[in-house]
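J.: starting from these lines, generate the structure:
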Amino acid sequence: MTTTIERVVRKAPVPERPRRGRGAFRRHLWSYVFLIPLVLLFGGFTVWPMIASWWYAFFDWDGVGSPADWVGLANFREVLASDAFWRAFWHSFVFSLAAIFVELPLALVLAILLNNSWLRFRNLYRLVLFLPVVATTAVIGIVIAILLDPAGGLVNRILLDSGLIDQPVNFLGSTSIALPTLLSIDVWKGFGITLIYWLAALQTVPKDLQEAAAIDGAGFWRSLRFVTLPVVMPIAIVILLLVFQRSLNTFDLVRAVTEGGPDYATDVVPTYIYRYAFDPSLQAPRYGFASAAGVVFGLLTLVVTLLQAPFMRRRVGS
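T.: Coordinates of the predicted model:
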């Protein structure tokens, strides 16, 4: 005598196996058609430039005609021996350090505050903090240059009127102050996107866990330490990588505000590469050398990223 479960199993429809071959291709034909523009754009503007950079790096080429003057590894040796390149790389790395140790924790603190439902006008605060992200960097550069102008800029006038300084400060023209000034602007501009990352991570914390912690008598700090942070830790690793990559490749802000000056005090690797490839002051562009610098920078970025992997695995595992 068959049981009820056996009768149900016998009556249950057998799942249809996915069709393979030409029939499956026809069924998903439009999906492949819609992917064609993405594949073409990705190949033309991402894959091909990467391959071409590696190829051009072995030539002494000015960008005119086809590269023909093969120099082998000479461009790479020149890049590695260039003090200006390593100074620019250090400046790029400092941008990443500022983003990781200043922007990242501050954004987390504000995200925890803005994630509370009892906070009034929290959506308005989010909008205000996110506005610098969508603002054009060129416009920000012009506005910042006007505000920080030592000859009548608003910031200097406020500092002089308040008695904090005796003479105007050349924030963007001093070799000792220009880099910290740019770091502050970069943190301010990228703060909104990092805040959104943290808010998205905090939304993944189950309400049941928070309510259970509250019932067990856990206060805000204990709930944050033992419930919220362990849950968002895997996403925090991704946020760390995103912020690190974005800040390490800072270009538009430096180009718009200081162009790497004064005296290369704010020069970063992207502006270093741009200068050798497109600077009109050069008698002839050095596309081959610039490509080699880009390849070296990419490899160094990969190495620094891989060095973070053991730390990330330990944090996620704990």
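J.: didn't residue 149 look like it was pressed against residue 156?
T.: Yes. Assessed by Cβ atoms under 8 Å, residue 149 is found in contact with residue 156 at 7.3 Å. In this view, the C-beta of every residue, glycine as well, is placed from N, C-alpha and C.
J.: okay, and the spatially most central residue of the chain sits in which element?
T.: Compute the mean C-alpha point of the chain, and by Cα atoms, centre = their mean the closest residue is residue 246, 1.7 Å away. Using DSSP states H and E, the element containing residue 246 is helix 229-248.
J.: what is the helix or strand following that helix packed up against?
T.: Following helix 229-248 in sequence order, the next helix or strand is helix 252-257 (DSSP H and E). Using 3 or more Cβ pairs under 8 Å, 6 or more residues apart in numbering; DSSP states H and E, the elements in contact with helix 252-257 are helix 137-147, helix 178-202, helix 269-278.
J.: what's the closest of those helices to residue 64?
T.: Nearest of these to residue 64, taken as Cβ to Cβ: helix 269-278 at 12.8 Å.
J.: and the contacts of that closest one?
T.: By Cβ atoms under 8 Å, 6 or more residues apart in numbering, the surrounding residues in contact with helix 269-278 are 63, 84-85, 88-89, 92, 249-251, 254-255, 259-260, 282, 285-287, 289-291, 293-294, 297.
J.: same thing but 7 Å
T.: For helix 269-278, contacts defined as Cβ atoms under 7 Å, 6 or more residues apart in numbering pick out 84-85, 88-89, 92, 249, 251, 254-255, 259-260, 285-287, 289-290, 293-294, 297.
J.: for the helix holding residue 246, output the C-alpha coordinates as CSV.
T.: Provided in CSV are the C-alpha atoms of helix 229-248 (Å, rounded to 0.1, in the frame of the first residue of the first chain):
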residue,chain,number,x,y,z
LEU,A,229,30.1,44.8,12.5
PRO,A,230,30.5,41.0,12.2
VAL,A,231,27.6,40.9,9.7
VAL,A,232,28.9,43.7,7.5
MET,A,233,32.6,42.6,7.7
PRO,A,234,32.6,40.6,4.4
ILE,A,235,31.0,43.6,2.6
ALA,A,236,33.5,45.9,4.4
ILE,A,237,36.3,44.1,2.7
VAL,A,238,34.8,44.9,-0.7
ILE,A,239,34.2,48.5,0.3
LEU,A,240,37.9,48.7,1.4
LEU,A,241,39.0,47.5,-2.0
LEU,A,242,36.7,49.8,-3.9
VAL,A,243,37.9,52.9,-1.9
PHE,A,244,41.5,51.9,-2.2
GLN,A,245,41.3,51.5,-6.0
ARG,A,246,39.4,54.7,-6.5
SER,A,247,41.8,56.8,-4.4
LEU,A,248,44.9,55.3,-5.8
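J.: what about residue 70, neighbour count?
T.: By other Cβ atoms under 10 Å, 11 other residues sit near residue 70.
J.: and for residue 140?
T.: Quick note: residue 140 (other Cβ under 10 Å) scores 18 neighbours.
J.: what angle separates the helix holding residue 246 from helix 178-202?
T.: If you take axes from the mean of the first three to the mean of the last three Cα atoms, to 10 degrees, helix 229-248 sits at 140 degrees to helix 178-202.
J.: got the contact list for helix 229-248?
T.: Identification of contacts with helix 229-248 by Cβ under 7 Å, 6+ apart yields 92, 95-96, 99-100, 103-104, 186, 190, 194, 197-198, 201-202, 204-205, 301, 305, 312, 315-316.
J.: domain ranges for this protein?
T.: Using automatic domain parsing, the domain ranges for the chain come out as 20-51, 57-317.
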